[in-house]
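Q: sequence? don't have it. structure:
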């Protein structure tokens, strides 16, 4: 659906900045300060230094400045939609958590969480007020996938021992896993898994075989191997759950590429088997001491219990004990709950968790209804929907919404919701 609506200068500046923001994913944890730019951060176990802001934070601030200029000039008009209202309430709560943390007797030792959450929520509000056309969304998706491929290649090169980045050696020694240009393997896994399902959807949607089709095929093979190298539970389960929905959304086109899909699965299996990555990846689903005592056919409940039960139970206890949240600090007993929803509930309290759940439900309902009642493509919207689904499902195992990659979720939801609103308004006019 081509909108071709008139865009004001402030909107065009925001869109340019958003494209630059997506390009920062090529070097996702790069930082900038008065002493210069650090494109690759030194490795620190599960964290990074706070003496410099991330480059993506600087760009988000520039996006916010452009947004406020547009509001003052009357070129951008405020939207009072349900998702925006929910996010505004979350912004209020994110500010209230600063005094709540202190009043609850905890130390503000995670102000980086505040920065990332507040900036990401603001980013959603901004991009939701900008008009996005199908071609804009397609470009953003392509850059995102290419950035994932670039990060995947870095991890693959490290595995082949062509060269290993300085902090990568430390990660491999500590965890036996690969993280590319990230400080944590789970972050690389999330990026690759989102890009994998999005590129797979693009492959389904291609109407004829071409050189581009085979290039996509090769990139998917790289993604399969890199996911095994990163060895993260959440993305693997997320892909398995979302894959049937990808088949459903693009069912009418799959017949053309069923052969390529079959070859992809076969090649991926051969590559993993040849490098003994099947066993390595499977063992990551369990605690080391119980790897040898479980069979391939173990119940999913036992798998989840072995993987994250103690952290999830601890996060739930924090929610019950502190219903208003503990704020920006290490969660008592567990540090963090290894789950987006539980960790968010422990930090923001029950009210904050409710607003997040309402936002997620509203997003899926509105986008799904739009796709259902329109018949002229919306393939980019479907691709984003699949990517967001992977993000949320993988978030059952890691608190991605407080990490420096949280803005991916808010960026894509904001863009896709804005596109649905703009399309509906264009039709009604």
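A: The structure has been received and is ready for your questions. Everything numeric in this text was worked out from a predicted model, so none of it was measured.
Q: I'd say residue 53 and residue 32 touch.
A: Yes. Applying C-beta atoms under 8 Å as the test, residue 53 and residue 32 come out as touching, 6.6 Å apart. For every residue, glycine as well, the C-beta is placed using N, CA and C.
Q: which non-adjacent residue is nearest residue 11?
A: residue 130 (5.1 Å; C-beta to C-beta, 6 or more residues apart in numbering).
Q: Provide the secondary structure category for the one you found.
A: The assignment at residue 130 comes out as coil when based on DSSP: H, G, I helix; E, B strand; the rest coil.
Q: identify the residues contacting it.
A: By C-beta atoms under 8 Å, 6 or more residues apart in numbering, the contact set of residue 130 is 11, 14-15, 18, 76, 418.
Q: by pLDDT, give me the weakest of the residues you listed.
A: Across the contacts of residue 130, no position has a lower pLDDT than residue 76, which has 78.
Q: count of neighbours near the closest residue to it other than its chain neighbours?
A: Counting by C-beta to C-beta, 6+ apart, residue 76 lies nearest to residue 70, which is 3.6 Å off, once chain neighbours are set aside. Residue 70 sits with 21 neighbouring residues when counted by other C-beta atoms under 10 Å.
Q: next one: residue 92
A: Residue 92 sits with 12 neighbouring residues when counted by other C-beta under 10 Å.
Q: how close does it get to residue 214?
A: As judged by C-beta to C-beta, to the nearest Å, residue 92 and residue 214 stand 50 Å apart.
Q: and the one helix or strand residue 387 maps to, what's buried?
A: Per DSSP states H and E, residue 387 falls inside helix 379-394. When burial is assessed from 16 or more other C-beta atoms under 10 Å, helix 379-394 yields the following buried residues: 379-394.
Q: closest one of the residues you listed to residue 135?
A: Nearest to residue 135 among these, counting by C-beta to C-beta, is residue 380 at 8.8 Å.
Q: for the residue nearest to the closest one when sequence neighbours are not counted, give me its contacts.
A: In this structure, residue 380 finds its nearest non-sequential neighbour in residue 137, 4.2 Å apart by C-beta to C-beta, 6+ apart. With contacts defined as C-beta under 8 Å, 6+ apart, residue 137 is in contact with 380-381, 384, 415-416, 419.
Q: show the backbone phi and psi for residue 137.
A: As for residue 137, its main-chain torsions (degrees, to the nearest 10) stand at phi -60, psi -40.
Q: now do residue 193
A: Main-chain dihedrals, residue 193, degrees, to the nearest 10: phi -70, psi -40.
Q: name the nearest residue to it, ignoring sequence neighbours.
A: residue 235 (3.3 Å).
Q: which SSE is that neighbour in?
A: helix 233-249.
Q: now do that helix against helix 379-394, angle only.
A: With axes from the mean of the first three to the mean of the last three C-alpha atoms, to 10 degrees defining the directions, helix 233-249 sits at 150 degrees from helix 379-394.
Q: go through helix 233-249 and flag the buried ones.
A: Residues of helix 233-249 classed as buried: 233-239, 242, 246, 249 (neighbour count, 16+ other C-beta under 10 Å).
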